[in-house]
Structure formats: structure tokens, C-alpha cells
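K.L.:
Need a 3D model of the following:
(chains A and B)
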There are 2 protein chains.
Amino acid sequence: MNLRLADRMENAINPFISDILRATARKDLISFGGGLPNPASFPVREISEAAQKVLSEDGAGALQYSTAEGYPPLRELIAARYQKRFGITVDPADILMTTGSQQGLDLLAKLFLNKGDDLLIERPGYLGAIQAFNIYQPNYHAVPLRKDGADTDVLEEILKSCSPKLFYAVPNFQNPSGLTYSEQNRKRVAELMKKSGTIFVEDDPYGELRFAGSEMPCMKSFLGEDVIMLGTFSKIISPAIRLGWVCAKPEIMKYLVAAKQAADIHSDYFAERVVCQYLQDNDLDAHIEKIRTMYQERKNCMVEMARRYFPQDVSFTDPEGGMFMWVTLPEGMSAVELNKIAAEKNVAFVPGDPFYVGERNVNTFRMSYTNSDANVIEKGIRCLGDAMREMTASR
Amino acid sequence: MNLRLADRMENAINPFISDILRATARKDLISFGGGLPNPASFPVREISEAAQKVLSEDGAGALQYSTAEGYPPLRELIAARYQKRFGITVDPADILMTTGSQQGLDLLAKLFLNKGDDLLIERPGYLGAIQAFNIYQPNYHAVPLRKDGADTDVLEEILKSCSPKLFYAVPNFQNPSGLTYSEQNRKRVAELMKKSGTIFVEDDPYGELRFAGSEMPCMKSFLGEDVIMLGTFSKIISPAIRLGWVCAKPEIMKYLVAAKQAADIHSDYFAERVVCQYLQDNDLDAHIEKIRTMYQERKNCMVEMARRYFPQDVSFTDPEGGMFMWVTLPEGMSAVELNKIAAEKNVAFVPGDPFYVGERNVNTFRMSYTNSDANVIEKGIRCLGDAMREMTASR
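P.N.:
Numbers count the residues shown, from 1 in each chain, chains lettered A, B, ... in the order given. Here you go, the predicted model:
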């Protein structure tokens, strides 16, 4: 039988993400590839206790169908955390639980994007977002990232010729660059958003993982209800349980809830109950502090090793939090090529290509430092440095 | 800010489903509305044990990111169950775990449906499927249900003028009608599908809940790889955990996996591990047998009470399994109107309207018998009979 697919599937297949996830299964590899939290940070015992408590106290309730919006007490805790972190008031009714924050991306694209609609995305941008958006066939406008955040000159120029529906961005410890928008940059982006009528989609999976510098105000504090916020428990509790959320004003939430019901009725309600119980019975701040310390040590080690082993003409970011370092090779060098040489040395990273819209054979790549201890980082970075020199020598 | 939604959201809001789910929270109501499994059937202790075991044996693994396809041993168990139930061989690689089988509907619509594409659906049809499909704006063709299954005369007629991409159907204990396709009907539908080039989407959430009659061959046994099967643990283990699956040939699976990654990366992997552990350590057949007995008693009671209390000119189905009875009022009587009168008597059901495409004020409605014991069923059906008579009297 002839396969008659919808037009939207034309560019839907992106082998990079599945390759990354599959690479995590190869035990022989030093992998700086996947954006995986360090499993030593998972609160295994606490989650087990929470699961037992939920099931013993309300098993019948916790295993039953629920509503699309998600467990109200959990959404209250999320709202309270926004208050505590940023001093902003969020109505728990404006929070929709999603199956990871990835689902938030799919739902927002579904809600807003007709084929050909203008969409702003960072350059480089989160590959999972590009993957989600591609299916809705938008007209991408790339906003380059600089050291202090989005390139507002380019952004301003783009906004002169069109009014994109959304600007999807990760202002804290961005994936893949590890960069963070400065306060001044946030203000300038917010000004431009206000004039343009573009909704700013503020994704913040790593914001809690700051180990240096000081907390930045969220974009919502400048833009109010014209921001949609995405959040997740994946990087601070566990990614397996797939619990994220979207925070949006009621006018948008109404449609988000309809799209959510159509997409999967509701997210795993048992997981929502277990995570809520976990949060009620444990000190999340203390838990996050442990993750921060763990990642800071690893980041420091990776930066130190990169300084030691990478050639002088290779640059890299020095993130203040999150999980990623971004490496820039000299002009004309292909990260995909380097990846092949590195694979022979059993070292993996993610070439920059899937983080760009329509650019290939770029000279940048992403490395995660979260999952490797100092010895492994040293060994891996040394091998990578060797690979870079081999590549330069063979040109 | 002006809300600039995508065109596809135009008909996305369907208040019926959220109303049904919300109605489950009203404790004062006799609700035959929601399609909720009876919580007394949930294996609470066993799930708790499975969760503890998974976390104590491999907590770090079970809380980490996984792959889009889902936990391989769980997919092997699902494949083995197809072999046992129907004698068909399914490759575990052809199974994709989804966030409830509802997500399977969204993914399939996303994969196949351009706006205006022809799509076959039962009349009445599952409202969750209509909700999922609406967002992709298909051109629906309704295939009426008869006592023995799909009306193949109408189906044949439709297929003369178009070649729908999909026929979405629930051949066992259909939602909402409770009807089951006979073996002869299945064969005839399969013949028509083969000629038309239409993919049959065989949704089977209730098939395991047969309490009378004998197991029917699945459509896949007639149509082979040109069937896409949907399944779920919602009705036999727990709906909260949102674990369903899609079974499709590799050519389709490749795109399903891409769409799944874009939609939520993967389903709750912890839940997959827990359910797999549950299945390994417990006798699912014995568990299902308990549910069957429980539902059979309730169905028998509801049929008996409907015979006793409903007016003579009201007809209803007598299902051999599943969760639903379908009631047909005399011509011209509106189930929505009846619902209002019944609500005053604190009884709820689902008016037929959301189960039809483009028909309103229909004279049919759905009742679920799974969640009410004999006393409640008798009281509720008596009230409904009274409401029917009041309505007739006031015309």
C-alpha cells in the first residue's frame, strides 16, 4: 500500500535526537552528547517513599483518570515557586501540566502556527524545539546569540519586516550554548516584543541550576501576561517521569487545554501525585543545591581541560549554570567531521548542525559536562583536542 | 495583545470532554457519564510493590531519559499478548509506547491528515478521536454502526467516490455504542479496505473486557500490515499512568517515532518500567478476569433496570463486554434536553452529540455502568426513566 503522508511530515525526520539518545546506551563511549541529568542526582529513595505514600493513602484516586490541567496542589506548588524565585504572582489556574516541557513546544506550535507563519528562534537554538516546530512548517527567523543574550540589532531588523507570532528562547544557560541573557539584554528584548506583538516563549529548564553569578529576572517580570513560560521537573527531579508545564494567560490556556485533551487527555497523573508528595515531604532547595555543586565541579573541570587540551584557536563558553558548553572551531572546520574522528577515539558530542535552521557543516558543537567525572572529562577532552589537531593536520 | 491562533484551532474547543471529566469530581452526582474504570479494580498494592522494586533495583536507570519507542521488555510483553490473544505475530519493534492511546490518535492524524483529507469514522464514533482529528481538519465520512458492526453498504458507497486515508474504528465494545463487529462484518470491512487503499486504524481499549460471547479475530488477522493497531493499559491496569501504544509497520513507525520525539520525547519511562515489572510479577489474566466479573454484574444490572424503568419506546444496547451502554430515545427527543432534566435529579450521562460529526440534538446517549453498584444503578436508571416520562409529558 502506498504511504500517503501529510505534507507536514516532509521534514519531520531528524536522526540527530534519536542518535543522541541511543548513544547513551553505548557503555564504551565517553559521551558529552546527551543532555542527560546525572543519575546520581535522582532522589530515588524519596521518590519511592512518595510513591508508596500516595498509593497507600489514595491508591484508587492516584491511578484514576484526571483532568487535562493537572493535579491542582502540584500546580499551586509550581506557582509558589515562581513567587519565591522571581517575586512574580502566577495563578495556578494559568498552569497546565504537560508530558515534559517538550509537549509544551508541540502544543504551542499547534496553537499558533499556520504553515509559513513567521517564528523567531535563537541561533543556535534548542534542537528539540526545532524538531517540534518543523512539523508545523513555520518561516523561521534566526536571532543570533551573543555573549550577553539575543542579538537585539538583528532582532530589531527582523521585526521591521514582519510580526512573528512567537519568539522561542531559553534565556538561562541556553541549550545548546550555555549562554545567559543579561538583565539589560532582557529589557531590550522585552521592549522589542512589546512593539511587535510577538509572544515571548520563555523556556527555563535549567534556570534553577545556577552555580555562579546571580539570578536574573524572568522575562515575564518585564512582559507580564504576554509571555508564555515553560518549565519542567526533568532537570531537578527526574526526566523519566515527563512532567513539565506551560504557564499562559487564560485566553491562551483555554485553547491549550483543548489541545492537551486532544493530544493525550492528561499527563501521567500518578507521576503528578508522586512529585507533589515528594515536594511536600522534601526540601527541593537542598536537593537542587546538591545538583548545582555536582555540575559546577564538572563544568569547572571541563573548562580547565578545554583550556589545557584544545588548540588555541578553538573557543568555548564558560556557563554560569545548566548543563552545556558550546565549542566553536576555527572557520571552515566541520563539527560533523570532527565527530567522526572523535567517535574512533570513543568520544561523542553533538555537532552543531541540528541546532541551526537550514545551516549544515557548521563549526560549532555542544558538550554536556553533567554525566562525566573528572577523570572521564580529562580523558575525553584530551582525545577531542587530539582529534582537532589531527583534523587540522590533514587539511 | 491580539491572539493570533492557527486556523486549525477553530473547532478545537469541545467542552464535552472536560465537562465529563469534571463531573467525576462532583460527589453528589450519580454519574453514568465518564468512561472511568472502576477504581476497585486498580492493582494498587501490586503497583506499589512494582514501583519499589524498580526503584530499588535500578532507580537511576528508571528515572533517566529513555528512547521514544519505549522500554523494550514492555513492548515484548505487549507483542506476546497479541500472539496469545489473536495468534498473530507482532514484532516488538513495530510497537511505539504512547501517552495513553489518545496520543496515538493525535500522532496518526499528524502523520496522515492534510486539511480536507478524507477520513472514515464510525457513527456514532469515539469523541476523543473526533477531538483529536478535528485539529487536523479532515473531511469526515461517517460509517453508521449496525448491530453487527459497520454498515458495509454505506462504506462501499463512500469508497466509490473517494479513497480515505484512514478508517478509525473500535470493533470491540465500541465507545460509545458498546457494539462489536461480527466476524462476517470484519471480513467484509477488510475486503473493502483492501480495495480502497485505506488504512484501518483498529483501536481496542476494551477488547480484553469481554464477559459474554466469544473473542473475535482482530482486523489485523485479515489485513496484515495495512492495519494500525492502538492499545492501552488504561482499562486493564490504570488510566492515570497514561500508557498506550501504536503498532504499525516499519515504514510508518519511522515517521511515528519522529512525531513522538517532537511531541514529548518519550512517554513516562518510570511508568513503563513499573507496568513492565507489574506484568512480570503478577497474573494479568487473573486480574482482568476480576474486572470482567465486576463489569458483567453491573452491565446485567443496568440492562435489567433499563428494561424495568425506561419507557417501552426507548431502546438500548446489551454489550458483551467493555464499559458502555448506548440508549436511543424516540425520534425527535433530544438527549441534551433529557440531560438537563436528569441533572436536576442528580443523574448524569453523556448526550450523544459529541459522538457525531456535525449532528446536534441527537436522540441518543451513552451510559457507563462500570462505576456504580447495583443500588446506585437502580436509583439512577429509575430517575432517568422518570426524566424521560416527564420530558415526553411536557412536549
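K.L.:
Only C-alpha atoms from now on, for both contacts and neighbour counts.
P.N.:
Will do.
K.L.:
Skipping adjacent residues, who's closest to residue A:366 in space?
P.N.:
residue A:326 (4.8 Å; CA to CA, 6 or more residues apart in numbering or on different chains).
K.L.:
And residue A:108, by the same measure?
P.N.:
residue A:256 (7.5 Å).
K.L.:
Next one: that neighbour, what pLDDT does it get?
P.N.:
What the model reports as pLDDT for residue A:256 is 97.
K.L.:
swap in residue A:22?
P.N.:
The predicted local confidence for residue A:22 is 63.
K.L.:
ditto for residue A:253
P.N.:
97.
K.L.:
and it, that one's in a strand?
P.N.:
No. Counting by DSSP: H, G, I helix; E, B strand; the rest coil, residue A:253 falls outside a strand, being helix.
K.L.:
before we move on, back to that, follow the chain on from the helix or strand in which the residue nearest to residue A:366 is found and name the next helix or strand.
P.N.:
For residue A:326, the element it lies in under DSSP states H and E is strand A:324-328. Sequence order places helix A:335-344 as the next helix or strand after strand A:324-328, per DSSP H and E.
K.L.:
And that next one, what does it pack against?
P.N.:
On a contact count with 3 or more CA pairs under 8 Å, 6 or more residues apart in numbering or on different chains; DSSP states H and E, helix A:335-344 meets strand A:350-351, helix A:374-393.
K.L.:
which element follows it toward the C-terminus?
P.N.:
Heading C-terminal from helix A:335-344 (DSSP H and E), you reach strand A:347-348.
K.L.:
Would you mind pulling up the elements that that following strand packs against?
P.N.:
Against strand A:347-348 (3+ CA pairs under 8 Å, 6+ apart) you get strand A:30-31, helix A:374-393.
K.L.:
And the ones you listed, which one averages the lowest pLDDT?
P.N.:
Across the helices and strands packed on strand A:347-348, the lowest-scoring stretch is strand A:30-31, with a mean of 90.
K.L.:
Walk me through which strands the strand ranked longest in chain A pairs with, and which way each runs.
P.N.:
The longest strand of chain A (DSSP state E) is strand A:139-146. In the sheet, strand A:139-146 lines up against strand A:118-123 (parallel), strand A:149-150 (antiparallel) (DSSP bridges).
K.L.:
List the buried residues in stretch A:346-361.
P.N.:
By 16 or more other CA atoms under 10 Å in any protein chain shown, the buried positions in stretch A:346-361 come out as A:346-357.
K.L.:
ok, back up a step: and the helices and strands packed on helix A:335-344 as JSON lines, adding distance to chain B?
P.N.:
Below are these laid out as JSON lines (distance: least, CA to the nearest CA, whole Å):
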{"stretch": "strand A:350-351", "distance to chain B": "17"}
{"stretch": "helix A:374-393", "distance to chain B": "19"}
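K.L.:
Single out the most deeply packed of these.
P.N.:
Each of the helices and strands packed on helix A:335-344 was scored by mean neighbour count; the highest is strand A:350-351, a mean of 26, by mean count of other CA atoms under 10 Å in any protein chain shown.
K.L.:
Other residues contacting that one?
P.N.:
Contacts with strand A:350-351, where a contact means CA atoms under 8 Å, 6 or more residues apart in numbering or on different chains, come from A:20, A:32-34, A:335-336, A:339, A:362, A:364-367.
K.L.:
can we see that at 10 Å?
P.N.:
A:16-17, A:19-20, A:31-35, A:176, A:326-327, A:334-339, A:360-368 (CA atoms under 10 Å, 6 or more residues apart in numbering or on different chains).
K.L.:
Stretch A:187-195 now?
P.N.:
So stretch A:187-195 is contacted by A:149-153, A:155-156, A:159, A:163-164, A:166-167, A:181-186, A:196, A:198-200, A:217, A:219-223, A:226-227, B:1 (CA under 10 Å, 6+ apart).
K.L.:
Write the ChimeraX selection for whichever of the residues you listed are buried.
P.N.:
Remark: buried members of those, expressed as a ChimeraX selection using 16+ other CA under 10 Å:
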select /A:149,150,151,152,155,156,159,163,164,166,167,181,182,183,185,186,196,198,199,200,217,219,220,221,222,223,226,227
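K.L.:
Just the ones of the contacts of stretch A:187-195 in helices?
P.N.:
A:152-153, A:155-156, A:159, A:183-186, A:196, A:220-223 (DSSP state H).
K.L.:
Can I get those in TSV including pLDDT?
P.N.:
TSV is the format used below for the ones in helices among the contacts of stretch A:187-195 (pLDDT from 0 to 100):
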residue	pLDDT
A:152	98
A:153	98
A:155	98
A:156	98
A:159	98
A:183	98
A:184	98
A:185	98
A:186	98
A:196	93
A:220	97
A:221	96
A:222	97
A:223	96
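K.L.:
show me which of those residues neighbour chain B.
P.N.:
By CA under 10 Å from any CA of the partner chain, the members of these lying near chain B are residue A:196.
K.L.:
With respect to residue B:68, which of the ones in helices among the contacts of stretch A:187-195 is nearest?
P.N.:
residue A:220 (32.1 Å; CA to CA).
K.L.:
ok, of the ones in helices among the contacts of stretch A:187-195, which one's closest to chain B?
P.N.:
Of all the ones in helices among the contacts of stretch A:187-195, chain B sits closest to residue A:196, with 9.8 Å by CA to the nearest CA.
K.L.:
Test my guess that that closest one contacts residue A:164.
P.N.:
Yes. If you go by CA atoms under 10 Å, residue A:196 and residue A:164 touch, sitting 7.8 Å apart.
K.L.:
Below-threshold pLDDT in the stretch 1-150 of chain A: ranges please.
P.N.:
Applying pLDDT under 70 to the stretch 1-150 of chain A picks out residues A:15-26.
K.L.:
quick revisit: the residue nearest to residue A:108 contacts residue A:69, correct?
P.N.:
Yes. Look at residue A:256 against residue A:69 with CA under 10 Å: they come within range, at 9.2 Å.
K.L.:
picking up where we left off before, state the helix or strand in which the residue nearest to residue A:108 lies.
P.N.:
Using DSSP H and E, residue A:256 falls in helix A:250-264.
K.L.:
Show me chain A divided up by domain.
P.N.:
Per automatic domain parsing, the domain ranges recorded for chain A read A:7-42+A:286-393, A:44-281.
K.L.:
Next, count neighbours for the closest residue to residue A:253 other than its chain neighbours.
P.N.:
Sequence neighbours aside, residue A:94 is the residue nearest to residue A:253 in space, at 6.5 Å (criterion: CA to CA, 6+ apart). Burial measure for residue A:94: 20 neighbouring residues, criterion other CA atoms under 10 Å in any protein chain shown.
K.L.:
was I right about residue A:94 contacting residue A:254?
P.N.:
Yes. Under the criterion of CA under 10 Å, residue A:94 is in contact with residue A:254, at a separation of 9.4 Å.
K.L.:
okay, and the common contacts of these two?
P.N.:
residue A:248.
K.L.:
Which secondary structure element is home to the residue nearest to residue A:40 when sequence neighbours are not counted?
P.N.:
Using CA to CA, 6+ apart and skipping residues adjacent in sequence, the residue nearest residue A:40 is residue B:60, 6.9 Å away. Applying DSSP H and E as the criterion places residue B:60 in helix B:44-62.
K.L.:
which parts of that helix are buried?
P.N.:
Buried residues in helix B:44-62 (16+ other CA under 10 Å): B:44, B:46-55, B:59-62.
K.L.:
I'd like to know which elements the helix or strand just after that helix is packed against.
P.N.:
Next helix or strand after helix B:44-62 toward the C-terminus (DSSP H and E): helix B:72-86. Helix B:72-86 sits against strand B:95-99, strand B:243-247, helix B:269-281, with contacts defined as 3 or more CA pairs under 10 Å, 6 or more residues apart in numbering or on different chains; DSSP states H and E.
K.L.:
who's in contact with the spatially closest residue to residue A:101 that is not a sequence neighbour?
P.N.:
Once flanking residues are discounted, residue A:101 sits nearest to residue A:244: 4.4 Å by CA to CA, 6+ apart. By CA under 10 Å, 6+ apart, the contact set of residue A:244 is A:95-104, A:205, A:230-234, A:267, A:272, B:264.
K.L.:
what about 6 Å?
P.N.:
A:97-101, A:231-233 (CA atoms under 6 Å, 6 or more residues apart in numbering or on different chains).
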